[in-house]
Structures are given as structure tokens and as C-alpha cells.
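J.: Task: produce atomic coordinates for the following.
(2 chains)
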Amino acid sequence: MDDVSRLREALMAEVAAAESLEALEGVRVSALGKKGRITGLMKGLGGMDPDERRAAGQALNALKDAVAEAIEARRAALEDAALDARVAAERVDVTLPARPEAPGRVHPISQTIDELVAIFAQMGFAVAEGPDIEDDFHNFTALNFPPEHPARLMHDTFFLPEDEDGARLLLRTHTSPVQIRTMQTQPPPVRIVAPGRTYRCDSDMTHTPMFHQIEGLVVDESTHMGHLKGVLIEFVRAYFEVEDVPVRFRPSFFPFTEPSAEMDIGCSRAGGELKIGAGDDWLEILGCGMVHPNVLSACGIDPERYQGFAFGLGVERVAMLKYGIPDLRTFFESDLRWLRHYGFLPLDVPTLAGGLTR
Amino acid sequence: MKFTLSWLKRHLETEAGAAAIAERLTMLGIEVESLEDPAEALADFTVGRVVAAEPHPNADRLKLCRVEAGGGAVLQIVCGAPNAREGIKVVLATPGARIPANGECLKKGKIRGVESEGMMCSWRELGLGEDHAGIAELDPGAPVGAPVGTVLDLDPVFDVAVTPNRPDWLGVRGIARDLAAAGLGALRPMPVAPVPARIASPIQVRLEFTPETANACPQFAGRYIRGVRNGDSPEWLKRWLLAVGLRPISALVDITNFFAIDQARPLHVFDADKISGDIRARLARPGERVDALNGKTYELDESVTVIADEAGARALGGVIGGEDSGCTEATVNVFLESALFDPTRTAATGRRLNIESDARHRFERGVDPASAVPAMEMATRMILDLCGGEPSEPVIAGAEPDWRRGVPLRPARVRALGGVEVSDRRCVEILAALGCTVREGDGGLEVSPPSWRGDIEGEHDLVEEVVRINGYDNIPVATLPRAPMPQPVLTQIQRRTGWARRDLAARGLVETVTGSVRPTAHAALFGGGRPELMLANPISSDLDAMRPSLLPNLMAAAGRNADRGLRDVALFEVGPAFEGARPEDQRRVVAGLRAGRTGPRHWARAPREVDVFDAKADALAALAAAGAAVDNLRVEAEAPEWYHPGIAGTLKLGPKVLARFGALHPRMLRAMDLKGPMVGFEVFLDAIPPAKPRPTKARPLLNASPLQPVERDFAFVMGREVPAEAAVRAARGADLLIADVAVFDLYEGDKVGPDLKSLALAVTLQPSERTLTDEEIDAVSEKVVQAVAKATGGRLRG
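T.: Reported below is the predicted structural model:
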């Protein structure tokens, strides 16, 4: 056995015996460092004749590569072992609660309006808006409420102070004035819904002085009561997400529509629980009718040429029915417990493609 | 409006049952609020006949009866009633029947050892009265085996809601007419036979109005009747009135009530001996008083129509009669009044004097203008029938108003508006059934509505009548034509509002909805409470001012939650704020409020109190979500007085205020009795400039450098009052290579000296073409130092 072979054996044994990265580094330096044993032998090559040098050089290089490879392998093994040891020592109680996040909520009224808009947008209705403080013309006169007529008194109106001319502004009692504002500014065809705040001087178990309505209006040259029924039937089925919910249209009276109707949907109250759909009872859901010719005339639209329908419904009412919210007044109490319970997640944007409600 | 089935049948010949009638009423637009049908509970009970009644073998007080039921069956029944005897017709219940009085189900049983196969019921057990002394005895002619409901005079009671356009439905006859038109029976004729005079009326009637006020009472038909006996009404009348909720008083009073319900025709009967001189209808004199039938005294003014005699006002025309001119049991001579009163004036009087009466209810909606004379004749006949007496000639002042008019109907309009095919013949049939006179004219029908249908004004009203009577159910459902692909419909600001809402909710704020009306005291704290924005008729004195800001609402909401133990609050609202009463003064605002701490206590992260930078972050997030270019906004350390003067700011774009944020002023918290800390923000959505329309949705090309950015830190010492933003802007603009500037430290204290602060900036350089050399980096650094020094007076910290 020559020197090289002996050295190889000795170095391999040292590498294998190194128990730590530091010891292994010591082996590396003693073998391959500037003053290392292989390095020392390499230096001796200079004094050899060419043939001898080539043979010895090849042997030394092979030794150098083999030792370096062994060191790397040993290093990897030692590092793995060290990592295993470290990881084995690391422990966290993962049952501890994560850092708290407080997700917000969207109010049921906003969510319901978004749902209603999603449905009516599908049928080509734009969203119109108007001011909460209205004048008598837009809220009553243009909607064919004659002065002093009992129908006008049925609306418990909040008034603002009289001005010098004795005229007084008021808080709109319904979203219907948006019909007027829309028709005054936009020539037919008109197809809008108008959600918004409305106000009546009334407060008890089932009334709040402020509530929300959504108004609908279609005016063109051909829309008739059959279309009115069609649109509203599609609406209630989409909104309540109940196929074939029974509906009926009953004659009624509103000053601004003629003929007028109220729409009922079928429900059951079996066991004290209200369920929308087939049942033996009816639930009033909205008022509607063909736009009264006086209303069209008041907006400068020729009732001989144009016609259409209008409807209005209470946003809180349909939200209560759909989501089983028992008390109207709670909508406006800002009780965080209520808002978190009945509110909606911010990313639950209602779409018809995805289904309105999660 | 209440009426019974038998009352309805006085006008309507029909075989229909109460339920079918109720269903049809609903589909005619007469909303049935309730239908109480006593026969329903008696479906299990039949007529029986006692064929034998013998003593019970084991009990002295009981009888053993044999009772014939329907179909030849004879039942053995043990009975304790003293009146149980052979031959009487009884109400028979067999096992399984539910007894209305106690809801119990009847079972077969043995009584004192003898089997009993049924029960004979008392009126009380049937829920039809108080009589329990014995079993009910039916009319001897009642057919054995027939359901009891068919032989008893059980009268279902309808309670209906009448829409204000149909005063004729405030009378049973008006309702009967619509039912007949809808095919549910035939309207019985109601001929009016003038009653011949037997004496001359000692009382005349004068209408004392000016031409301007003549419509207050255009016609007054009266009649003097001598020698009446004002006793009790007959049983049928008392029963009907009781059933509809009216207390029978005396025949004369009951007759006037009968006409109000029967024909929507209010009448009045004066005790003629308490009238001095002639009767006149006129407007009241200022200060004139009337003691009304309801026991109250009313002071009147010139807007009120009164019925007066020589002594003064005796009744309020169309509203209520007078206490001291009314009929009593002692009345012998009467004067009947059948007049017409103006709806508007009647409504105003009733409203101002706060008097609800059946007469007012009908007159203010409109009483049939042709009814004064016929009703007077019919009422005279009824008084003579029930009370006797001798009538005078009719005493009539004024004239029937001219109500006749022609309304054209093109039957094609029924299809065009109603969307339903109704033949011309059917149109004529329906309108005629409703009392219209219909004449075929050129290109359509010429329709004369009857006197009681003042609501029919134009063609659309006739279309409604045809469609309504024909049935809304018969209108075929049609699909509204629509674009093959739904189009976007929301306006820019509507979309922006939605984005801001959902972004804030995603940030952990909870949306609420609060009232637009606030207590004045709160509104005044937030720049509101001006007289033109105060309600004239608030629902309560603490809700009377249109809100100038959403913040007081949110603050109060936070306070209410704190009272429930929820002190850490993050709320927001999207809604209107009112700067004035004009439509353009209504702002579209998103406001938010955070109170308390950032969250619950936690083992890994301690919560902190909310601060102004939470509000600033919310405001910027809402603005960004709503499409504002937040990088271009200027922050100014100014805000209205409801914010803390030193801890609040305004976000501006040019001169435009887009948002405000800050700590709420401790004085506001104190005024509203709230605990801090509270920070809030207001974003004015309508102030954000509209986005420029872009020709394409393509985004600008991403220019991502392959070269690593270089970061250099600087610490500047500058005056404490210098806004950090000035240093950041200066550094940011120092060189084109600078991609970002961040503030990573702020120090105010001993080490930099009084009135000074140290602000540490991390400046990021982004090379675009090649790696920067040290010299190049140093050159940019020098520019940063220069620029910040120039803008802020700051120098590098040594």
C-alpha cells in the first residue's frame, strides 16, 4: 500500500468519525487546506520527473475529489441530523387561538337592495335616484293626489317649515317622486327602479318613521298589464328563490295608477312558521298598476302615445320575509350583535349567475 | 265596513256561500279583513226529533230519549234537560262532533249504566247564546237530518276594507252591485215609491250660502212626520246593526244608521218640536257653538257647515248631529234630513274638530249626488212602517248637482292597456251591470257613469272597470321584451358607492343604517339645526332636525353598544347628509367610526386604542375603492369643529374636500355623554371627480425592471411643526430613480432637542437600465438631502 492509499484510508476514517460540523471542518482543513496533507503531497509533485509526476498527480487528484465528496456527504448528513434535532426541540401549542380578525358586515337593507337591483337589471331596469327632501308637486300633485283628497291624508307626511309663499317642503312619503323626476328628464322609453329612504310620521311595532322602498317604472308605447304581471312574477320567484311560488293580483287603489293592483304571494303559516311558497294563505307583497294618464301628462308625456306600469315595495318587508327577521325596528338600532347576525359578508355580492344568496 | 250575509242578500240574489263571496270580493278589490261564519263550527250538527222521552231507569233527573236522526236512524240518548220531551226538534251531535263552547270532542259513553249514542245541545254549548237552561229547540218545520247551519238564521259577518276611491262600497248595495256584475248573483231592484203627503210641513228649509260657498250643501231634502212612536227597532234590524258593530238605540236613530250602512247614505232625524222656526243650512258664525251628540261642545268658525234654526246652529252638516235636537223615546214629531255636503269641507271640519263618524267617513269620500231625494222617500217609508205617523210633503231646497257626463271608451284600449282580450259585447255588459248607460258611438262606446261613480273620470277608469270585473286572473302573463344580453345599468357613482361599502366591510367595519332625522341639539353640534331643515311636525321633540352629518348617528350608535358592553366598535354608514333643503344640498356620504380598542385582548398581540391613523386609513381606503386618485390627494391639518383641532385632517383634491378624518372633539363626546376614544371619517362620494371615459379597458404595459432596487435610509432633524408629508414629497421628487419613500421612524425627545423631531425615511431607488454604481447612488442621496432640506429646513441627523 502506497502513501496515497494510506492517506485515503486515514482521511476517510477521519471524515466518518467527525461528529460535528466543526470537527468535519477540521478534517477538511487538515486534508485540503493550504497546509493540508493532500495539499502538502501536491506540493511534492514539483520535484518529480514528468512521467512520475503525471501518475502521482492523477492519483492525488482522485484522492482530493474522493475526500471532498466524502466531506460533503458527511456535511449533508450532519446538517440533516442537526435540523432534525432542532425541529425535534421546537414545539408550539397550536391549539392557542390565532390572532383575531374582525370581519365587517353589509347591512341587510343594502344587501337586499343589491339583490333587487341585480334582478331588475337583468330585465333591463336602470337605477334612478331622487332627493329625500321633496316638494309637494313631485310627492303628491304630479302623482295625481288631488289636494285635500283622503288618499293624501293617508300618507302621514313630515313637513319642513313653510317658506314666505306658504309652500312647504316635505320628506318623501314614498319613492314614487323618483318616477316624476325620471320622466321629467328622460324621454320614453323608461325602465327604472328607484330604491331609497322614505319617511312617514308613524312609529309603532310595525312602523318606523324612516324605511326603504324600491319603486319600479316602465313607460313605452306597448307595455300592458300582462307585462306587469310577467315582470313581477319573475321578480318574486327570483328574489325569494322559490320556484313556482303562487301569486295573485288583486284590484286595489293608488292615485297614480289605473288600473291598480296589489300582489300577493302564497305562503303557509303551519306551526307558526311563515314559509313562502305553496300554502293555504296569502301574503301581501307589493302595490302596482298601470301609470295613470294624469301622471304621464304631469311629466309632459303624451298618454295617448305612451303607457306603462309602476310598482313599489318595502325593502325591509321583503328582507324580513326572506331572511326571517322578526322586528322592523331592529333594522335601525345599530346593535352590533344584530348587525353581525343578520348582516352579510362583504364578498357576498348578489349575482343571478351565482345565486342571489349564499 | 262590516255587513252580514243576510244583509247582502237583501240586495243580491245569490246561492253563493260566504267563502265564495269573500273570495270574489277580494278579486274585485274589496279586501276582506275578516269573515266570521258561525256555521263553520256547526258543520257536524244536524236536526233531530225526539220521538220518545222516558225516565232513566237508574236516575231520577235523567231521561232516556229516542231521537230520530237523518236517514231513518234512531239514537238512544241520555239527557238531563228539563225540556227534553217528545216531538221537539233538537240540535243533535253524534260521537266525533266538536262542541263549539269548549272545543271537546264528543264520545260515545254510558251514563248510569245506559248507553248514550249522542247529545242534544243547548244554545250555550253551540256558542250561539247564553241559554243553558235546557236543550235548544228548533223550529218545528226544520227537516230532520239537515245540517243545523242551514236551518238556523246564522249570519256570517264580513269586515272589508274600502279603498278611498269607492265610497259606494261604504254601502251594502254598492258591494252587491259589483258582485252581481262579476256574475255572483243578481242585483235586486230597489224601486223608490214617493210617499204621498198627509199634512203640510210646518218647517221649511233654506240654503243660506253665497255663490262661492254654495257647494258646501247643494241640496237638502227633508220631510216632516207627525205623530211617530219612537220605540225599539224590530229584531231583524237590531240583529243586523249589532252584527256590524252598531248599538241599537231607538227606531228613528237605527233607521238613519241602517241607511248609512245599507246605501252609504247618511241621514239625520231632528226632533221637530226642539226646532224653532225654519231650518237653514249655512256656514257657522265665528265663535258659534254646538253641543254635539257625542256629548262634546265644539266652537266653530266660518269654514264649517251647520244645520241651524232660528236660535242657532243645531248640527254639524255631514259630520254629527246636535245633542239637544236629537230624537228620544218621547219624540213624537220629527224632521228628516237627507242632504248633500261637500267632501272637502266635511273632511276639513272632521279633521280640525277631530270627530270620527260614519257620516263624515262617507261624506268626505263622496255620497251619491243623486241620492238625497230617493233616500228621503225610502227613509220616510221606513219611519212610517216602524214608527207610524203622518208625513208632510217633501221639503226640498237646492237641486241635485249636475253629475251626468259622457266618457268615451275605445274597446281596443282594454287590450292595449289591460293586455287582455275582452269583446265589445262583454265590455258593454260589464259597464251596464255597474250601472253605466252605454251607447255605441263612432269608433267606440259612449259611456255615462252612474251618479254614485264619481271616480270614473276618463277612459282609463273604464278600462279598469272592464279588466277588474273580467278578472285580473284572466290577464295572460307576458314577458317584457329585453335585450338578449343584460346591459350594465349602474351609474358611476352607484358603482362607486357599492365598492366603498364592500371595501369598508372587508376592512372590518360593520355597516349600519340610521335615521336621517336627529335631535336638534346633536345636529347643531355638527353644523346643522338651521330652521329650514327642522321638521314642522316631528314625531317627537328629540327627532326634529335633518342630519348635517352621519357622525352623530354613529357616535350615538357606538354609545348604545357600549351600554350593552360592546365598547370596541367599528361602524359605518352610507347615506344622505343635508346641507340645505334643495335637492343639490343633499350629499352622498360614507362615514365611519371606530371607538375603544382595535380588538379583544389576545395572548400574542395586545390591542391598542384606536387613533387618527385608523380613521385616515379607512378614509383613504374608501376613497380608493370609490375611484379617487388617492396618490394625488393633499392632506391638510384642518377640520370642522366637531373634530379634535390638533388630531384631524382633510383630504383635498385641489380645492375640493373629498374627505375628513380625525379624533372626535372631546366636547362632542361630552355633549353626547359618550366615552372616548372615538375616531371617525366622512367621505363625500359626490365630490370625487368622475373618471374619464377610456377608449379601452387595456391597462398600461407593466414595466418591471429586471434590476434589483436599492434602498437607502435617511434620518432628518427638522422642526416639529413641519408636516411629514412635505419631507416625503420632497424626497419623492428629488430624482427620477426614486420609486418610493416610506417613513419608518419618528422621534421627538431629548436626543434632538426641543421643538425638533427626527424623521427617518427609507428611499427606494429603482434602476431601469443598469446596476447603479456607488457614485450614482451617492449622487441621488445628495439630491434627497438637498431637496428635503430645501422643503423642510431639515438636516441629516449626525
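J.: in the stretch 51-200 of chain B, which spans are helices?
T.: B:148-151, B:172-181 (DSSP state H, counting those that start in this stretch).
J.: Reformat these into JSON lines and put mean pLDDT, distance to chain A and mean neighbour count next to each item.
T.: C-betas here are computed from N, CA, C, even on glycine. Shown next, in JSON lines, are these (pLDDT from 0 to 100; distance: least, Cβ to the nearest Cβ, whole Å; neighbours: other Cβ atoms under 10 Å in any protein chain shown):
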{"stretch": "helix B:148-151", "mean pLDDT": "81", "distance to chain A": "22", "mean neighbour count": "18"}
{"stretch": "helix B:172-181", "mean pLDDT": "97", "distance to chain A": "10", "mean neighbour count": "24"}
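J.: Using JSON lines, lay out these together with distance to B:Pro196.
T.: Below are the helices of the stretch 51-200 of chain B laid out as JSON lines (distance: least, Cβ to Cβ, whole Å):
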{"stretch": "helix B:148-151", "distance to B:Pro196": "41"}
{"stretch": "helix B:172-181", "distance to B:Pro196": "25"}
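J.: of those helices, which approaches A:Glu333 most closely?
T.: Counting by Cβ to Cβ, A:Glu333 lies closest to helix B:172-181 out of the helices of the stretch 51-200 of chain B; the figure is 43.4 Å.
J.: Put the alpha carbons of that closest one into PDB.
T.: Output of helix B:172-181 as PDB, limited to C-alpha atoms (Å, rounded to 0.1, in the frame of the first residue of the first chain):
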ATOM      1  CA  VAL B 172    -124.000  47.100   1.200                       C
ATOM      2  CA  ARG B 173    -125.900  47.900  -2.100                       C
ATOM      3  CA  GLY B 174    -122.700  49.100  -3.800                       C
ATOM      4  CA  ILE B 175    -120.900  45.900  -2.800                       C
ATOM      5  CA  ALA B 176    -123.800  43.800  -4.000                       C
ATOM      6  CA  ARG B 177    -123.800  45.600  -7.400                       C
ATOM      7  CA  ASP B 178    -120.100  44.800  -8.000                       C
ATOM      8  CA  LEU B 179    -120.700  41.100  -7.000                       C
ATOM      9  CA  ALA B 180    -123.600  40.900  -9.400                       C
ATOM     10  CA  ALA B 181    -121.500  42.500 -12.200                       C
END
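J.: what's in contact with that helix?
T.: For helix B:172-181, contacts defined as Cβ atoms under 8 Å, 6 or more residues apart in numbering or on different chains pick out B:3, B:7-8, B:10-12, B:14, B:21, B:24-25, B:28, B:30, B:160, B:166, B:168-169, B:185-188, B:190, B:261-264, B:430, B:433-435, B:452, B:469.
J.: Out of the residues you listed, which sit inside strands?
T.: B:Phe3, B:Leu12, B:Val160, B:Ala186, B:Leu187 (DSSP state E).
J.: Filter the residues you listed down to the buried ones, PyMOL style.
T.: Buried subset of those, written as a PyMOL selection, criterion 16 or more other Cβ atoms under 10 Å in any protein chain shown:
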select buried, chain B and resi 3+12+160+187
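J.: Among the ones in strands among the contacts of helix B:172-181, which pair sits farthest apart?
T.: B:Val160 and B:Ala186 (20.8 Å).
J.: What is the end-to-end distance of stretch B:761-776?
T.: Stretch B:761-776 has its terminal residues 19 Å apart, counting by Cα to Cα, to the nearest Å.
J.: just stretch B:216-231 next, same as before
T.: OK, stretch B:216-231 end separation, Cα to Cα: 34 Å.
J.: Fine by me, thanks again.
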